[in-house]
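J.: The sequence and its predicted three-dimensional model are supplied below.
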2 protein chains.
Amino acid sequence: MNYPILARYLGQFLLFFGLCLLPGAAWSLLHLEWRPLAAFLAAMAVSGALGGGLWFLGRRADGRMYNREALAVVGLGWLVAAGIGGLPFWIGGMFGNPVDAYFESMSGFTTTGASVLVDIEAASKGLVFWRSFTHWLGGMGIIVLFISILPYLGAGGKQLFKNESPGPDPRGLAPKIRDTASILWKIYVAMTVVLAVILMLEGMSLHDALCHSFGTVATGGFSTRNASVAAYSSVGIELTLIVFMVLAGTNFSLFFAVWGRDWRTLVRDPEWRAYILVLVLATLAITADLWFEGAVDGLASALRGAGFSAVSVMTTTGFGTADFDRWPDFSRAVLLLLMFVGGCAGSTGGGLKVIRLLILWKVAWERLHKAWSPRAVRTIKIGNDVISPELQHTVLVFFMLFLAAAALGTLAMAALGLDLVSAFSAVAATLNNIGPGLGVVGPTSNYADLPTAGKAVLSLLMAIGRIELFAILVLFSPGFWRKN
Amino acid sequence: MNYPILARYLGQFLLFFGLCLLPGAAWSLLHLEWRPLAAFLAAMAVSGALGGGLWFLGRRADGRMYNREALAVVGLGWLVAAGIGGLPFWIGGMFGNPVDAYFESMSGFTTTGASVLVDIEAASKGLVFWRSFTHWLGGMGIIVLFISILPYLGAGGKQLFKNESPGPDPRGLAPKIRDTASILWKIYVAMTVVLAVILMLEGMSLHDALCHSFGTVATGGFSTRNASVAAYSSVGIELTLIVFMVLAGTNFSLFFAVWGRDWRTLVRDPEWRAYILVLVLATLAITADLWFEGAVDGLASALRGAGFSAVSVMTTTGFGTADFDRWPDFSRAVLLLLMFVGGCAGSTGGGLKVIRLLILWKVAWERLHKAWSPRAVRTIKIGNDVISPELQHTVLVFFMLFLAAAALGTLAMAALGLDLVSAFSAVAATLNNIGPGLGVVGPTSNYADLPTAGKAVLSLLMAIGRIELFAILVLFSPGFWRKN
């Protein structure tokens, strides 16, 4: 590990991160909320001081940034940013316990949407705005912003992007990382603005519309209302959110093609087709279950509840319109599995990602075929892209580590006293960055009553899931920190 | 698929299998149970007729046996043998429903020990003996017996053994498959006799001692008592069973070494060390949980219950001395995870097998290390054996398919109306060949009240888990059945 390099880039990142707190400060000022305003200024000061200090320590760094340093900047960057981003919640009076503030902030930046805030409607407007804004920052990746806004990073940029971009994306984007980040950023802003305007036309206030827009395009799921989206009882709003959640779970690089009126690239994309297929099948399965079991009034109501919940869970957003914890066990099992599927690679969604499962599916078929014709050589392709043995290995190991994290997390939550369904679903809902789970962390409840240690464990799982394991897991490996 | 070859070997197998029913018939005769005796004779006739017919159809087979035919013999062999082995239960009057009989028989042959029999003590001695004897036959693998008893199989033998031997075993055994099978078979018989004698000295009747010995060395778990091993309330019997369950979960090839007084090979075997380590850690974790939560009276009682249950579950035997479904959730979660660990490769235990998890653990570390030094090349070794990339791939795919089977099974059981914990644990307890699960299939309950479709699904899962996926999964692949 080249510590001066690490200090320098982490310092630069924190200096930049301090500026990200400005919108929260502005919103507090607008609503004349003085304590939250002071809290934001304090957090900015901390970020600035810490960033400046680190930058000073690393000012004479030499050598270029290697994978090791890039991973450390990403991993530590997330963990520290969540801490500084949580300071306003703590200093601003939203939570008395700093772990609660950290949990809420980590949940925001990882676009999870799991909350320990009991009465959202009674909380400060500035803090609630910041809470949703952390989704938005995290959504496209604070690191991507970092690249497009601070272009002087140079060689380090590419390394960072590689770790940050969610999912293995065989398509690649524009060759120049900086341009790419800048284009993605424009699409992201456009989507946010369009959605906010539509939501305002459908009756939301500016504050609510912006917060829900942040939560949707980032597949986050924090709401401004205690009852989440159910509070609006509006078919229009639900349909709008379904469309934008599906878009937010789509690989953003496909929007380049659509931008150039090339719809066929979207419709023919194997991952996108599988993504839509799973959404439709899950919706139909849950609708049938709800209808046959008589869990809701009528088919239309079943379809509405099933569709919104399936989209909300699979895109890993986590907005709620129905208490799916009270649904029959088959529907609950389908939702638990959808949590692990997640969105497309290159989207803001979490989970394992559709493309990985598509690769695993093909690998499984190839291996089965090999059982009876051992000498047959078949290359695995997704669309026109050959999936190399190295990529297969990486995806298989990722799958294993992801499930190992889920198993260990469940064990830890059970040790802290949660029943098995609550423990497993709390882990699934945080590791996959969804938000609501089942049982004591179900849609009508939240994470407030969990023991403090449990909130810490789940915070770590959110980070592990969001930046796809490695950048967090390596931090626990002693060899990683060896000086070179 | 060379159908004549398939018919010929399947026919030979069934002709042999008919003879395996003889001990059941003898035991019925000894107890003057006429209906069960008639049932055994009928089942033998069916096996003989079916076997003879298939053998006749394949009498002019030419060409040698390839993987495709070997897989089909193993897969179909198990499914059909379980059917014929279940006939005595049905015709003999133990069950009115043939699916119940099939479930009980499959549970026996796969050494699972999940039961749909409500009152074992009221049932015919001959049928209860056969029920435990199916464990014994299945335990070492009816196919291994097949090889050592019917040596004229020739080239086909090696292919069969490859599919049958549980777990990837880098050690290898004696070069000649037939000799190996014969040696394993002698060790197996010796263990069974020794255990039965000890159990009789500890107060069991001949019938009970034999049945429990079959259930132990095969890691099956069928008992002759409704309360399972708890019925004896004997510390001596429990300790004896713990020792023999641990032995039954050990790689049998290690017994060669011990036979030659080479204890170091056993003690230094990486898989065996990991196996013992996991057993000890799990026992300590559960003991601590039971003690702190006050779930049992005193530390000694906690240790006794935890030790027996951990060994019983991890070796995939499934004997019960305590209702672990009523234990705190952490203990239940530990037991659920132990189910998936299972025994050592080359033992009669089920589950993923310790060696696979050891390989996965090393693969994970290697991949993590690669995240920060991409150009470092490190070979993965277990003891002195290098784990090739091909073997890594196979183990990773196996892990994925195994968990996919668990997920789909849970979905199916939830669709049939089971709650999530019961559904998942029923699947875990059958796929891993343990027996008792949690909830409605917990240790004090059994599988009798499940819907018929659920019993069929679980029967299939038992077979999938026992012969390690491929030989069953390929049967569902249309390309597998293509004529060559």
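T.: It's in.
J.: going forward, measure contacts and count neighbours with C-alpha atoms only.
T.: Noted.
J.: Count the neighbours of the spatially closest residue to residue A:354 that is not a sequence neighbour for me.
T.: Once flanking residues are discounted, residue A:354 sits nearest to residue A:344: 5.2 Å by Cα to Cα, 6 or more residues apart in numbering or on different chains. Residue A:344 has 31 neighbouring residues, counting by other Cα atoms under 10 Å in any protein chain shown.
J.: so where does residue A:344 fall, helix or strand?
T.: According to DSSP states H and E, residue A:344 maps onto no helix or strand at all.
J.: What separation do you get for it and residue A:254?
T.: Residue A:344 sits 11 Å away from residue A:254, taking Cα to Cα, to the nearest Å as the criterion.
J.: For the residue nearest to residue A:354, give me the pLDDT.
T.: pLDDT, residue A:344: 89.
J.: Is it in contact with residue A:358, as I believe?
T.: No. The criterion here is Cα atoms under 8 Å, and residue A:344 misses it with residue A:358 at 10.6 Å.
J.: how about the closest residue to chain B within the stretch 151-300 of chain A, secondary structure?
T.: The stretch 151-300 of chain A approaches chain B most closely through residue A:289 (8.2 Å), counting by Cα to the nearest Cα. With DSSP: H, G, I helix; E, B strand; the rest coil as the basis, residue A:289 sits in helix.
J.: neighbours around residue A:62, how many?
T.: 10.
J.: What degree of burial does residue A:479 show, as a neighbour count?
T.: 12.
J.: what's near enough to touch it?
T.: Counting by Cα atoms under 8 Å, 6 or more residues apart in numbering or on different chains, residue A:479 touches no other residue.
J.: which residues does the residue of the stretch 151-300 of chain A closest to chain B contact?
T.: A:328, A:330, A:331.
J.: Contact partners for the first one?
T.: Looking back up the chat, that one is residue A:328. A:289, A:290, A:293, A:295.
J.: Just want the most central residue of chain A.
T.: residue A:111 (3.6 Å; Cα atoms, centre = their mean).
J.: Would you mind measuring from that residue to chain B?
T.: As judged by Cα to the nearest Cα, to the nearest Å, residue A:111 and chain B stand 24 Å apart.
J.: Name the nearest residue to that residue, ignoring sequence neighbours.
T.: Per Cα to Cα, 6+ apart, closest to residue A:111 is residue A:220, 3.9 Å.
J.: which residues sit against stretch A:266-282?
T.: Outside of stretch A:266-282, the residues that reach it under the criterion Cα under 8 Å, 6+ apart are A:250-251, A:254-255, A:257-258, A:310-311, A:314, A:334, A:343-344, A:354-355, A:358, A:382-383.
J.: Among those residues, name the ones in strands.
T.: residue A:382 (DSSP state E).
J.: now the contacts of stretch A:266-282: which count as buried?
T.: By neighbour count, with 16 or more other Cα atoms under 10 Å in any protein chain shown, the contacts of stretch A:266-282 hold A:250-251, A:254-255, A:310-311, A:314, A:334, A:343-344, A:354-355, A:358 as buried.
J.: Check the residues you listed and tell me the two furthest apart.
T.: Spatially, the most separated pair among the buried ones among the contacts of stretch A:266-282 is A:255 and A:334, at 29.2 Å (Cα to Cα).
J.: Using PDB, list the CA coordinates for stretch A:232-243.
T.: C-alpha atoms of stretch A:232-243 as PDB (Å, rounded to 0.1, in the frame of the first residue of the first chain):
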ATOM      1  CA  TYR A 232     -50.700   9.200  -1.800                       C
ATOM      2  CA  SER A 233     -53.200   6.500  -2.800                       C
ATOM      3  CA  SER A 234     -52.700   7.600  -6.400                       C
ATOM      4  CA  VAL A 235     -52.700   5.100  -9.300                       C
ATOM      5  CA  GLY A 236     -51.000   7.800 -11.400                       C
ATOM      6  CA  ILE A 237     -48.100   8.300  -9.000                       C
ATOM      7  CA  GLU A 238     -47.700   4.500  -8.700                       C
ATOM      8  CA  LEU A 239     -47.600   3.900 -12.500                       C
ATOM      9  CA  THR A 240     -45.100   6.800 -12.900                       C
ATOM     10  CA  LEU A 241     -42.900   5.400 -10.200                       C
ATOM     11  CA  ILE A 242     -43.100   1.900 -11.700                       C
ATOM     12  CA  VAL A 243     -41.900   3.200 -15.100                       C
END
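J.: Good, wrapping up.
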